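> Fold the following and give me the result.
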Amino acid sequence: ATPQAAAAALSSLEFPHPTGNHTSPLAKQISGKTWRFQPNDDKYTALTLTFGPKSCQFSLAGTHGNLSADVGYQSWIRGVSPFQTGPRPAHLRTTWSSDPVAMSCAWTDESTFRVTACFYESPYVLTLDLSFRDNELAVIRRFNVSFGTTERSKLVAHG
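Residues are numbered from 1 along each chain as shown. Just a heads-up that it's a prediction; the model follows:
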């Protein structure tokens, strides 16, 4: 194969989007609502999801600042990471990253919203499952690779 053919083949590769639905009946109820996290090692303090027709704005606040990213429904939207990249221990994190990221999302059931963040200049892919029950939000976070465990501690928030 020629270098041009190889480049064309590589440029068409894409990480799979989260599977599920574009929306849920719950989306209207929680859109724009701020969820306050219990104290956690990652120093996240709040999360706000604002659902639009083609994307969700994912706004994450913490002791290091506030960052937002647009997350596409069954599409990747590139932006700047609202997360600390990689499964680094809390004592090694001093600031939030500004790493490039592509993010996509889907509702996996009526009360669970999945967000996938691909840090495309690194090997890391972060998957978050946000489960809404009554006035509580549980966030399960998993990385695709890690030098330790791929699963991070569960975050719990109240709205």
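
> At which residues are the strands of this protein located?
34-37, 44-51, 55-62, 65-73, 77-80, 100-109, 112-118, 125-133, 136-143, 155-158 (DSSP state E).

> Turn the ones you listed into CSV, including distance to Ser12, mean neighbour count and mean pLDDT.
Every C-beta, even on glycine, is put in place using the N, C-alpha and C of the backbone. Output for those, formatted as CSV (distance: least, Cβ to Cβ, whole Å; neighbours: other Cβ atoms under 10 Å; pLDDT from 0 to 100):
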stretch, distance to Ser12, mean neighbour count, mean pLDDT
strand 34-37, 37, 17, 98
strand 44-51, 30, 20, 97
strand 55-62, 23, 20, 95
strand 65-73, 18, 18, 93
strand 77-80, 17, 15, 93
strand 100-109, 15, 21, 96
strand 112-118, 16, 23, 96
strand 125-133, 19, 18, 96
strand 136-143, 25, 18, 96
strand 155-158, 35, 17, 97
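
> Now tabulate those in JSON lines and tack on distance to Leu10.
Output for these, formatted as JSON lines (distance: least, Cβ to Cβ, whole Å):
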{"stretch": "strand 34-37", "distance to Leu10": "39"}
{"stretch": "strand 44-51", "distance to Leu10": "33"}
{"stretch": "strand 55-62", "distance to Leu10": "26"}
{"stretch": "strand 65-73", "distance to Leu10": "22"}
{"stretch": "strand 77-80", "distance to Leu10": "17"}
{"stretch": "strand 100-109", "distance to Leu10": "16"}
{"stretch": "strand 112-118", "distance to Leu10": "15"}
{"stretch": "strand 125-133", "distance to Leu10": "18"}
{"stretch": "strand 136-143", "distance to Leu10": "23"}
{"stretch": "strand 155-158", "distance to Leu10": "35"}
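
> out of the ones you listed, nearest to Leu26?
strand 125-133 (5.9 Å; Cβ to Cβ).

> ok, residues contacting the closest one?
Residues outside strand 125-133 that contact it (Cβ atoms under 8 Å, 6 or more residues apart in numbering): 15, 18, 26, 30, 49, 83, 85, 108, 111-119, 137-144.

> what residue lies at the spatial centre of the protein?
The chain has Val115 as the residue nearest its centroid, 4.4 Å off, counting by Cα atoms, centre = their mean.
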